[in-house]
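**Q** Attaching a predicted model along with its sequence, questions to come.
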Amino acid sequence: MTIFRCISVRCLRYYKQMLNKLLIAMGKAELKKEMEGLLKDLPEDANWDDVMYKIYVRQSIEQGLNDSGAGRVISHEEIKKKFSLTP
């Protein structure tokens, strides 16, 4: 197996897991509707990488919004202290 095939298999597994998380978080009908919207926004020459990137970005944003809604946030001041960015 070449390095590219190995990377490709890992990527496909990751994207499959990501899609499963989306399916669990949304109902099947809602997921289909959202996917249609994502696909409609892609240019005509889009490839699978473009599709997966759009899904990744969407899932990341939703996860961030869920974390924020659940109070799993860190203030700007805490981050500055953590990384010694305060004067």
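**A** Cool, the structure landed. Numbers count the residues shown, from 1 in each chain.

**Q** Report how many residues lie close to M35.
**A** Close neighbours of M35, defined as other CB atoms under 10 Å, add up to 17. (C-beta placed from N, C-alpha, C; glycine too.)

**Q** Summarise which helices and strands the helix or strand where L31 lies is packed against.
**A** Assigned by DSSP states H and E, L31 belongs to helix 28-41. Counting contacts by 3 or more CB pairs under 8 Å, 6 or more residues apart in numbering; DSSP states H and E, helix 28-41 is packed against helix 48-69.

**Q** secondary structure class for the spatially closest residue to E77 that is not a sequence neighbour?
**A** Among residues not flanking E77 along the chain, T86 sits closest, at 8.0 Å (CB to CB, 6 or more residues apart in numbering). Three-state assignment for T86 (DSSP: H, G, I helix; E, B strand; the rest coil): coil.

**Q** Settle this for me: T86 is touching E78, isn't it.
**A** No - using CB atoms under 8 Å, T86 makes no contact with E78, being 10.5 Å away.

**Q** which intervals of the chain have sub-threshold pLDDT?
**A** The model of the chain has pLDDT under 70 over residues 1-11, 23, 26, 87.

**Q** Let me see the contact set for the most centrally placed residue in the chain.
**A** When CA atoms, centre = their mean is applied to the chain, the residue found nearest the centroid is Y56 (2.7 Å). By CB atoms under 8 Å, 6 or more residues apart in numbering, the residues touching Y56 are Y15, M18.
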